[in-house]
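Asker: Make a model of this:
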Amino acid sequence: MSNDEVTDKRRWREWSRRRDTVVITGIGGRLGQALARRLHRSWEVIGVDRRPLDTLPPDIDFHKVDIRRRKTEDIFRQNRVDALIHLNIMHDPRKSPRETHDFNVRGTQKLLDLCQQHNVGKVIILSSANVYGPAPTNNQFLTEEAPLMGGQTFSEIRDLISLDMYASSFFWRHPEIETVILRPVHIVGDVGNAPSNYLRMKRIPTLVGYDPMIQLIHIDDVVQAITRALRPGIRGIFNVAGPGQLPLSELIKALGKRSVPMIEPLAKPILDMMWRARLTSFPTPELDHIKFVCMVDDSRARRFLKYSPERTMEETIRALA
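Answerer: Below you'll find the model as predicted:
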């Protein structure tokens, strides 16, 4: 056997043992870290985030970089990337709308362009069920075909809708790439988002005359849904819900807390004042979520992803403690 044949066989053995490579953007967040810990034993994980991070398993290749920068392209050029999981969405209502729009929309466009240029086979975008928006005219359970009306009063959600719609158009323009858009309900657990911050308040403000049904999902179940979406052949848009739903008043009782009923004309100016004084992390536009219903039907995820929440309602609520 010639030296060339020996070299070719060695290369083939190395290639056959090669694990698929996934790029996770936003790996510095709690969800990104939880997902990385789930995947790193079966995938080669490359993490991307502009925040510093030193708590990942040592076999994860971490890059501290803004997704809009040229260094992001180097990651795709220097590695054979099989999948992208895009979690790097800026959720900070205190940032300027221009900055968040540029980061969220232009950053996502750049990533999807890189996936197309470098033949990435799978793309997963984490959106949110908030894109549908709470409204008095909503159906009890919204399907993936429902209009995205969540940005009417909240600029941050408008960015998310733009991102979601761009990903949807990418899905149709590039059928060779398995594109998945996940729209989970309110994520709770070891996270610092608006729903968790609201429900962690010592005394939880509510609006007199309103008691909407609420859907929560544990961070571990979001990780489960993402890993299921990574399987070959999965593509499309999927709502992802938790173990059930319950009225806001019952949720507050289950947390062992007391509510502070407020009439709406007073609630908005008081919350505005507290927001400006940095006495709360619950922005005024989020009031609609404790006023109107926004629940989703996740039967498509249960059918095609074989998704089913592993955490019970009790465990999901306990994650807010």
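Asker: Give the bridge partners for Phe238, please.
Answerer: Leu182 (DSSP bridges).
Asker: what sits opposite the residue sitting nearest the centre point of the chain in the beta ladder?
Answerer: Nearest to the mean C-alpha position of the chain, counting by CA atoms, centre = their mean, stands Leu126 at 3.8 Å. In this entry, Leu126 is beta-bridged to Leu182, by DSSP bridges.
Asker: Please verify my assumption that it contacts Ile226.
Answerer: Yes. The pair Leu126 and Ile226 passes the contact test of CB atoms under 8 Å, sitting 7.3 Å apart. All C-beta atoms are positioned from the backbone trio N, CA, C, and that covers glycine.
Asker: okay, and the common contacts of the two?
Answerer: Ile85, Leu182 (CB atoms under 8 Å, 6 or more residues apart in numbering).
Asker: so where does Ile317 fall, helix or strand?
Answerer: Element membership of Ile317, judged by DSSP states H and E, is helix 313-318.
Asker: what's the answer for Ile85, then?
Answerer: strand 83-86.
Asker: for the record, mean pLDDT for that strand?
Answerer: Averaging pLDDT along strand 83-86 yields 98.
Asker: Could you number the chain from 577 rather than 1 from now on?
Answerer: Sure thing, new numbering starts at 577, so read that last one as strand 659-662.
Asker: Which elements pack onto it?
Answerer: For strand 659-662, the contact count by 3 or more CB pairs under 8 Å, 6 or more residues apart in numbering; DSSP states H and E identifies strand 597-601, helix 683-693, strand 698-702 as packing neighbours.
Asker: Take these and write them to JSON lines, including mean pLDDT and distance to His639.
Answerer: Shown next, in JSON lines, are these (pLDDT from 0 to 100; distance: least, CB to CB, whole Å):
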{"stretch": "strand 597-601", "mean pLDDT": "97", "distance to His639": "9"}
{"stretch": "helix 683-693", "mean pLDDT": "96", "distance to His639": "13"}
{"stretch": "strand 698-702", "mean pLDDT": "98", "distance to His639": "18"}
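Asker: how about those in CSV, adding distance to Pro633?
Answerer: What follows is those, written out as CSV (distance: least, CB to CB, whole Å):
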stretch, distance to Pro633
strand 597-601, 12
helix 683-693, 23
strand 698-702, 20
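Asker: of these, which approaches Pro781 most closely?
Answerer: strand 698-702 (28.4 Å; CB to CB).
Asker: just checking, next helix/strand downstream of that closest one?
Answerer: Next along the chain after strand 698-702, taking DSSP H and E as the criterion, comes helix 731-749.
Asker: ranges for the strands of the stretch 727-876 of the chain?
Answerer: 754-760, 762-764, 779-783, 789-794, 812-816, 821-823, 834-838 (DSSP state E, counting those that start in this stretch).
Asker: So for Arg645, which of the helices and strands packed on strand 659-662 sits nearest?
Answerer: helix 683-693 (9.0 Å).
Asker: From Asn773, how far off is Val767?
Answerer: As judged by CB to CB, to the nearest Å, Val767 and Asn773 stand 9 Å apart.
Asker: These two - which one has more neighbours?
Answerer: Neighbours were tallied for Val767 and for Asn773 using other CB atoms under 10 Å; the higher tally belongs to Val767 (19 against 15).
Asker: Spatially nearest residue to that one (excluding sequence neighbours)?
Answerer: Spatial nearest neighbour of Val767, chain neighbours left out: Arg606 (5.0 Å); criterion: CB to CB, 6 or more residues apart in numbering.
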